[in-house]
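K.L.:
3D model of this:
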Amino acid sequence: MTAEHDDGCGPVRVVVWCRQPAAGAEPLRAAYHQVSARLRGTEGLLGNALLESLLDPGGWQVVSEWESFAAFRRWEQGSEHRAMTAPLRPYQDTARPRVYDLYRVRAAY
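P.N.:
All right, here's what the predicted structure looks like:
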């Protein structure tokens, strides 16, 4: 990602695609809560949610909202990023071309 993605136009949402393990949803849910506790108070993070697909059995998403692309990049490039999110890494959906995606909010009500 480059600075051209951050035009100062508000929040971005990060979607991390996950798959439920064969053992069921509980390990994924526990990892989400562990990571969320670690992220509490992170500068620029507005919140996050764990979403379970109703159409794709075993499909989940972790969606976080950041005040700006720059705020997300500062955190992502920081030394704590990988350790903070490690509990969720085993559940990332590696069958996708990317395990995460970034979206700029262009309109919201």
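
K.L.:
give me the low-pLDDT residue ranges for the chain?
P.N.:
Flagging of the chain using pLDDT under 70 yields the residue ranges 1-9.

K.L.:
Mind giving me the packing neighbours of the helix of greatest length in it?
P.N.:
Secondary structure of the chain per DSSP state H: the longest helix is helix 26-39. Here helix 26-39 touches strand 45-52, strand 59-66, helix 81-85, going by 3 or more CB pairs under 8 Å, 6 or more residues apart in numbering; DSSP states H and E. All C-beta atoms are positioned from the backbone trio N, CA, C, and that covers glycine.

K.L.:
Now do the same contact list for the spatially closest residue to Asn48 that is not a sequence neighbour.
P.N.:
Nearest residue to Asn48, sequence neighbours excluded (CB to CB, 6 or more residues apart in numbering): Ser64, at 3.9 Å. By CB atoms under 8 Å, 6 or more residues apart in numbering, the residues touching Ser64 are 13-14, 16, 39, 45-49.

K.L.:
Please work out which of the helices and strands packed on helix 26-39 is packed deepest.
P.N.:
Comparing those by mean neighbour count (mean count of other CB atoms under 10 Å), strand 59-66 comes out on top with a mean of 20.
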